[in-house]
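Enquirer: 3D model of this:
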Amino acid sequence: MLAFFTPFFITLPNCLFNIKLLYYIFMSFTSNFQKQIFICLVCCFLFTANYSFSQKREVKVDETLKAKKWYDNINIRGYAQIRYNKLFETNSNLGCEQCDKSWGGTNSFFIRRGRIVFSGDVHERVYIYVQPDFASAAGTTNMIFQIRDAYFDLSLDSKKEYRFRFGQSKVPYGFENMQSSQNRLALDRNDALNSAVSNERDLGVFFYWAPKNKRELFSKLVNTGLKGSGDYGIFGIGFYNGQTANRPEANNNQHLAARISYPFELNNSQILETSIQGYKGKYVVNTKTSGVTTLSNAEYNDDRIAASIIVYPQPFGIQMEYNIGTGPEYDKITNSIQQKNLYGGYIQAMYNVKINKQNLFPFVKYQTYNGGKKHELDARSYDVNDLEIGLEWQPIKNFELVADYTISNRQYEDAILKNNIQKGSLLRLQAQFNF
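Expert: Sure thing, here's the model as predicted:
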């Protein structure tokens, strides 16, 4: 009965006033008939108000108890990179196929990357990550849609310290390989370690482990702008096809990769990360010029080991990696692809400056590499020595501008490009938009 009158007397300060007002109106009627009519009208009003109030309360309860759908947990973000590589160019024949296809020739403005990431926890134990690229290239055709990442993490515990990763993802080999291009200072990855895995990715299954506090630290190193590589665990191990991303397996002989990495938090608030990683497998060279000879079934040992040392820029930082190994490489004397040793690495110094809420990152990078690139034509032979001097400017969170002056000395040869030594310099510009 009390609930029936609740809407009308819902506000306690007005309760006595409402009763008194109704009483005076009721007593003002002279006939019993008028008083009966008035009582009926008041009752109808109270009933209508109570019904409306109840309906609103029921809707509110239903919305509160409504189950959350899995897609409500999906986050969407992305970035795009627009480049121009023609300023102060001294040699139009100088290029880098794996780095940036807009190097050299008659190229001009170029969309290097255009990516959107869909990620989130669809269950307390299941995390998904899908990243398509709308600016991939195939041959002479640009702006091709292509899946870069499509992986799914299955956690074995509630803290998500032990997890399996299924699908196409980055192979845990090399800090700079795993570091997102959205966060990297230099416009391209180094040849020495990036030649291990084209596009840094392959299809397979990996196991990662890291305690909760270290996972939080890995995330912090990215989110606070310290150029972290992301969370690939303290320990990682797994199997993958070995023919690199978006290419079918060629020999049913999976690669094995393993990595151990540990970030040390020093007394001066500096963070030092050291890593050792390696992989082993058989690679099939499937792009070669007619007349070039190969080993049986064009299959080669593909083995490497690498070490990484990272001092995060607070404000001064150093990043260096080096790897050695063996793999296929073109030999111009015999016009064949042979099994050869390879070696190379890089060192990068950087400084983190904040001026009026704007971020500046001056950097210097030197790299060297001697060996083959298995995924290129004829497992193209390389001898690289490059120096880069650059500056990243981030005036706002959603925009970055990078100027990278490159001095390059490259010898890259295959059955078509014999005795090909290219030297030169150029100023490269990149505008990056984060969203």
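Enquirer: ranges for the helices of the stretch 101-250 of the chain?
Expert: Residue ranges of the helices in the stretch 101-250 of the chain, as given by DSSP state H, counting those that start in this stretch, are 175-178, 191-194, 212-223.
Enquirer: and the ones you listed as a markdown table, adding mean neighbour count, mean pLDDT and distance to Ala250?
Expert: C-beta here means a position set from N, CA and C on the backbone, and glycine is covered the same way. Conversion of the helices of the stretch 101-250 of the chain to a markdown table gives the following (neighbours: other C-beta atoms under 10 Å; pLDDT from 0 to 100; distance: least, C-beta to C-beta, whole Å):
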| stretch | mean neighbour count | mean pLDDT | distance to Ala250 |
| --- | --- | --- | --- |
| helix 175-178 | 24 | 98 | 22 |
| helix 191-194 | 25 | 98 | 21 |
| helix 212-223 | 15 | 97 | 34 |
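Enquirer: out of those helices, nearest to Ser308?
Expert: Between Ser308 and those, the shortest gap by C-beta to C-beta is with helix 175-178, which sits at 4.5 Å.
Enquirer: one step back: what about the helices of the stretch 101-250 of the chain, which gets the closest to Tyr366?
Expert: Of all the helices of the stretch 101-250 of the chain, helix 191-194 sits nearest to Tyr366, with 11.3 Å by C-beta to C-beta.
Enquirer: re earlier: of the helices of the stretch 101-250 of the chain, which is nearest Gly291?
Expert: Taking C-beta to C-beta as the measure, the helices of the stretch 101-250 of the chain were each checked against Gly291, and helix 191-194 came out nearest at 26.6 Å.
Enquirer: can you name every helix or strand that the closest one contacts?
Expert: Secondary-structure packing of helix 191-194 (3 or more C-beta pairs under 8 Å, 6 or more residues apart in numbering; DSSP states H and E): helix 175-178, strand 316-331, strand 336-351, strand 358-372, strand 381-396.
Enquirer: what does it rub up against?
Expert: Helix 191-194 has contacts (C-beta atoms under 8 Å, 6 or more residues apart in numbering) with 96, 98-99, 173-174, 176-177, 188, 200, 306, 321-323, 343-346, 367-369, 371, 373, 382, 384, 386.
Enquirer: centre of the chain to that helix, how far?
Expert: Between the centre of helix 191-194 and the centre of its host chain there is 19 Å, according to C-alpha atoms, centre = their mean, to the nearest Å.
Enquirer: now the residue nearest the centre of the chain. Nearest residue, chain neighbours left out?
Expert: Centroid check for the chain by C-alpha atoms, centre = their mean gives Ser180 as the closest residue, at 4.8 Å. If you skip the residues right next to it in sequence, Ser180 has Gly230 as its closest partner in space, 6.6 Å away by C-beta to C-beta, 6 or more residues apart in numbering.
Enquirer: any figure for the gap between that neighbour and Ala349?
Expert: 22 Å (C-beta to C-beta, to the nearest Å).
Enquirer: same thing with Gln411?
Expert: When distances are taken as C-beta to C-beta, Gln411 and Ala349 turn out to be 26 Å apart.
Enquirer: with Thr274 instead?
Expert: Counting by C-beta to C-beta, the gap between Thr274 and Ala349 amounts to 17 Å.
Enquirer: can you tell me what sits against stretch 288-301?
Expert: Applying C-beta under 8 Å, 6+ apart, the set of residues contacting stretch 288-301 from outside is 251, 282-286, 326-328, 330, 334-339, 374, 377-379, 414-416.
Enquirer: do the same with stretch 385-402
Expert: For stretch 385-402, contacts defined as C-beta under 8 Å, 6+ apart pick out 185-187, 191, 225, 358-368, 403-410, 428-435.
Enquirer: stretch 404-413 now?
Expert: Defining contact as C-beta under 8 Å, 6+ apart, one finds that stretch 404-413 is touched by 88, 94, 96, 186-187, 330, 332, 380-390, 419-430.
Enquirer: hmm, 7 Å instead?
Expert: Stretch 404-413 is touched from outside by 94, 186-187, 330, 332, 380-390, 419-428, with contacts defined as C-beta atoms under 7 Å, 6 or more residues apart in numbering.
Enquirer: report the buried members of those.
Expert: The neighbour count (16 or more other C-beta atoms under 10 Å) marks 94, 186-187, 330, 380-386, 388, 390, 422, 424, 426-428 as buried among the contacts of stretch 404-413.
Enquirer: much appreciated, bye for now.
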